[in-house]
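Asker: for reference, the sequence and a predicted model appear below.
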Amino acid sequence: MRYLTFALAKGRLAKTTMDMFEELGITCEAMKDKTTRKLMFFNEDLKLRFFLAKASDVPTYVEYGAADIGIVGEDTILEEGRNLHEMMDLGFGKCRMCVCGPEEAREKLQHGELIRVASKYPNIAKDYFYNKKLQTVEIIKLNGSVELAPIVGLSEVIVDIVETGSTLRANGLKVLEEVCDLSARVVVNPVSLRMEQERIRRLLYDLRGLIDEKEGKNRG
């Protein structure tokens with residue numbers, strides 16, 4: 001039996017994913033070692049292997065078949081636009097992609113004015129303004145703290161992820177429009193889905209059962 005390979009976005013998302021897997025009996029003790037320099041981790045009994053990657057690289061590993069399955073945020077999937085199958089919403093890592101800025105920018109959005117938009121997610125921003133709002137804007141890609149852009153006059157608004165909104169409020173900004181909801185997703189390589197359909201479907205079935213069980217307890 002060949003290994004089924006998982007690419008996990010580094011950090012909190014990977015940890016939450018492995019916690020879920022452990023509840024399903026899928027363990028990988030070596031990944032719990034904070035001092036390890038290893039890049040690849042194995043569960044020999046189940047013929048599974050795992051590696052951690054920068055979130056923006058996960059869809060690339062999956063598209064090219066270096067990983068069969070990827071766990072990554074919806075924001076990365078939308079931004080990267082890779083050829084893969086989005087199979088499941090895992091229900092954690094929930095946040096929103098929003099257009100944010102000072103209150104005075106709201107009118108410019110409503111009137112469809114030509115404005116500058118700063119974002120770490122230029123493709124998502126472009127799709128939202130050009131295809132959904134039909135508003136022509138100038139998009140500026142930033143890699144750091146995008147909240148700075150409206151403050152120093154680089155842009156009128158930003159498109160960014162909002163969890164609590166505390167950073168926005170601390171800098172005199174607010175959510176002006178919502179682009180989409182985001183959460184952690186399972187993505188699968190199209191060829192892997194055909195080759196390993198039974199194993200992948202069984203894993204997804206077990207994950208869905210676990211998520212439904214958790215949601216049932218939360219509602220109860």
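Answerer: Nice, I can see it.
Asker: now do the longest helix anywhere in the chain, average pLDDT.
Answerer: Taking DSSP state H as the assignment, the helix of the chain that covers the most residues is helix 197-219. Over the span of helix 197-219, the pLDDT mean works out to 88.
Asker: so what's the residue nearest in space to the middle of the chain up against?
Answerer: Centrality entry for the chain: nearest residue to the mean C-alpha point is Gly73, 1.2 Å, by C-alpha atoms, centre = their mean. Contact partners of Gly73, counting by C-beta atoms under 8 Å, 6 or more residues apart in numbering, are 9, 13, 55, 93, 182-185. Using the backbone N, CA and C atoms, a C-beta is placed for each residue, glycine as well.
Asker: can you tell me what sits against the lowest-mean-pLDDT helix or strand in the chain?
Answerer: The weakest-scoring helix or strand in the chain, judged by mean pLDDT, DSSP states H and E, is helix 197-219 (a mean of 88). With C-beta under 8 Å, 6+ apart as the test, helix 197-219 has contacts from 4, 20, 23-24, 68-69, 87-88, 90-91, 186, 188, 192-193.
Asker: who wins for most neighbours among those residues?
Answerer: Counting by other C-beta atoms under 10 Å, Ile69 has the largest number of neighbours within these, with 28 neighbours.
Asker: so what's that one closest to, chain neighbours aside?
Answerer: Phe6 (5.0 Å; C-beta to C-beta, 6 or more residues apart in numbering).
Asker: and Ala105, which of the three is it?
Answerer: What DSSP: H, G, I helix; E, B strand; the rest coil gives for Ala105 is helix.
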